[in-house]
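A.B. asks: what's the 3D shape of this:
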Amino acid sequence: MTRITDLSLLTGWLPVTLTVLGAVGALWLLFPRVRRYVTTIMPIVVLSAAVITVALYLFVEEVWRPFPDPIEISVYALIGIAVAALLLVVPRILVRRSIGTGVLTLLAAILVLVAVGVRINDVYASYPTVGSAFGVEDVERVDAGELKPGQVISARPLEPAWHPTGALPETGKVLTASIPPTASGFTAREAQIYLPPAYFVDPRPLLPVLVLLAGEPGAPQDWFVGGELDETMDAFAREHSGLAPVVVVADGTGSQLANPLCLDSKLGNVATYLAVDVPAWTKANLQVDPDPRAWAVGGLSYGGTCSLQLATNYPQVYPTFLDISGQDEPTLGDRQRTVDAAFGGDTAALLRVNPLDLLRSRTYPDSAGAFVVGADDAMYRPQVERMYQAAKDAGMDVRLRILPGGHNFALWSAALRDQLPWLATRLGLVP
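C.D. replies: As a prediction, the model looks like this:
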């Protein structure tokens, strides 16, 4: 029997049911059997909600501009519906002043808000299940004190030489760790580190490392919630005697809404943190393969852009990358705004570290990467295709995959599953 926490919020009967209930709630709020309400009060409230929503759109997209790409118009429309539902609560209760009306009106507003949340979640696919929406974890966690050093087995490729001597755990475990910004000074949130089943066997295999980055807005946990990272890695490990990469989901922004561009700039030394501090801490605290050939960096959206930035600026650290739905340039919305905020107006400083300019001026014969984007991602698909061609022209061994979908976690989780076999081969895990 399916647990409530395992019910899908993206497919099946639940999101449809919640949407229908939200529509019923909206009808209750909009159309009581009172003529003055329908002809006067309701239009005024709905118009007010529209004005508030338009003002929000103008502030976010034209003034604040916290994200490198605009929020979809459909999301603002859904926000407008939620605002209207909230504004209608008091007038709707006053139409029929009774306890029953009050209870039904509050319930109707809640149903509308839940339905709006479900539809917005459908756009981004951030929470695939009920459990993920309420923060219920299925991952097994481990404390740093439980990770004891042991004998290691090293080979390239690793799988033919690996024969576990003890019982393998059924799944991997997740370690939460604060990676100090020793060289960078960048204030990062805690990293979430996936350790595959084979890591908990003695002797343990010397595993490759994938440094993975979330989007913006975002957090390292996103890769485990919407990105289904642990499920993807556990499935791979079951097919390969417990082997999978160690995945360090590091923080590349510093906070949920920050956009430091994954550069060393006035906004913070993010590049140094990810290219120096994160590898140094990982090698010092975990038994992993230190060979750069066994290291890759990847990410989604902002994280995809960042992965290519690191691969072009630090190829000796990350000769392998996975760019999922990344941009063709780190940006705060436009070139001038980016240059002014990060480099005090010095365009040349941006060009010296910008991936597209580096790919046009250098060659990378020892680097390899995968570009993945959604077929329906009208904004990012042309940018990904442009960067793929530039990387290919610069001598990189690159591949381009266009998968069904748009710019959301459904695509990003599918992209990781799709490219994991290639990554495992490239990093020397499997033949």
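A.B. asks: The closest residue to residue 226 other than its chain neighbours: how many residues sit nearby?
C.D. replies: Closest residue in space to residue 226, ignoring its immediate chain neighbours: residue 409 at 3.2 Å, by Cβ to Cβ, 6 or more residues apart in numbering. To be clear about C-beta, it is placed using only N, CA and C from the backbone, and glycine gets the same treatment. The number of residues packed near residue 409 is 23, by other Cβ atoms under 10 Å.
A.B. asks: go on, the one 4 residues further on?
C.D. replies: Per other Cβ under 10 Å, the neighbour tally for residue 413 reads 23.
A.B. asks: give the contact list for it.
C.D. replies: Listed by Cβ atoms under 8 Å, 6 or more residues apart in numbering, the contact set of residue 413 reads 125, 226, 227, 228, 229, 232.
A.B. asks: Same question for residue 295.
C.D. replies: If you count contacts by Cβ under 8 Å, 6+ apart, residue 295 has them with 208, 209, 210, 211, 279, 289, 317, 318, 319, 320, 427.
A.B. asks: Can you tell me which of the residues you listed is nearest residue 52?
C.D. replies: Nearest to residue 52 among the contacts of residue 295 is residue 211, at 41.4 Å by Cβ to Cβ.
A.B. asks: Can I take it that that closest one is in a strand?
C.D. replies: Yes. Under DSSP: H, G, I helix; E, B strand; the rest coil, residue 211 falls within a strand.
A.B. asks: list the contacts for it?
C.D. replies: 247, 248, 250, 274, 278, 279, 282, 295, 296, 297, 298, 318.
A.B. asks: can you rerun that using 7 Å?
C.D. replies: 248, 250, 274, 278, 297 (Cβ atoms under 7 Å, 6 or more residues apart in numbering).
A.B. asks: One more: residue 186?
C.D. replies: 254, 268, 269, 270, 273.
A.B. asks: 8 Å - rerun?
C.D. replies: 254, 260, 268, 269, 270, 272, 273, 277.
A.B. asks: Filter the residues you listed down to the ones in strands?
C.D. replies: Among the contacts of residue 186, the members falling in strands (DSSP state E) are 268, 269.
A.B. asks: Relative to residue 133, which of the contacts of residue 186 is nearest.
C.D. replies: residue 254 (25.1 Å).
A.B. asks: And the pLDDT for the spatially closest residue to the closest one that is not a sequence neighbour?
C.D. replies: Nearest non-adjacent residue to residue 254, counting by Cβ to Cβ, 6+ apart: residue 187, 5.6 Å away. We have a pLDDT of 97 for residue 187.
A.B. asks: Also residue 77?
C.D. replies: 98.
A.B. asks: how about the contacts of residue 186, which pair is most distant?
C.D. replies: Farthest pair in these, by Cβ to Cβ: 260 and 277, 14.3 Å.
A.B. asks: Show me which of these two is the more surrounded one.
C.D. replies: Shown here are residue 260 and residue 277; by other Cβ under 10 Å, residue 260 has more neighbours (26 against 21).
A.B. asks: Could you report the neighbour count for the closest residue in space to residue 271 that isn't next to it in sequence?
C.D. replies: In this structure, residue 271 finds its nearest non-sequential neighbour in residue 264, 4.8 Å apart by Cβ to Cβ, 6+ apart. Residues lying near residue 264 (other Cβ under 10 Å) number 20.
A.B. asks: Then residue 21?
C.D. replies: 18.
A.B. asks: what does the one 5 residues further on give?
C.D. replies: Residue 26 sits with 20 neighbouring residues when counted by other Cβ under 10 Å.
A.B. asks: do the same with residue 255
C.D. replies: 14.
A.B. asks: Tell me who's in contact with it.
C.D. replies: residue 189.
A.B. asks: and it, what are its phi and psi?
C.D. replies: phi -160, psi 170 (degrees, to the nearest 10).
A.B. asks: Let me see the ranges of the strands in this structure.
C.D. replies: 140-141, 152-153, 173-177, 191-195, 204-205, 209-213, 246-250, 264-265, 268-269, 295-300, 320-324, 368-374, 397-403.
A.B. asks: So the closest residue to residue 343 other than its chain neighbours versus residue 340, what's the distance?
C.D. replies: Among residues not flanking residue 343 along the chain, residue 349 sits closest, at 4.1 Å (Cβ to Cβ, 6+ apart). Going from residue 349 to residue 340 by Cβ to Cβ, to the nearest Å gives 11 Å.
A.B. asks: which residues sit in contact with the closest residue to residue 333 other than its chain neighbours?
C.D. replies: Of all residues not flanking residue 333 in the chain, residue 65 sits nearest, at 4.6 Å (Cβ to Cβ, 6+ apart). Residue 65 sits next to 332, 333, 337 when contact means Cβ under 8 Å, 6+ apart.
A.B. asks: One more pass at 10 Å, please.
C.D. replies: For residue 65, the contact set (Cβ atoms under 10 Å, 6 or more residues apart in numbering) comprises 59, 259, 332, 333, 334, 337.
A.B. asks: One more: residue 350?
C.D. replies: Applying Cβ under 10 Å, 6+ apart, the residues near residue 350 are 261, 263, 265, 329, 330, 331, 335, 338, 339, 342, 343, 357.
A.B. asks: Could you do residue 216 as well?
C.D. replies: Contacts of residue 216 by Cβ under 10 Å, 6+ apart are 66-69, 252-253, 255-262, 300-303, 305-306.
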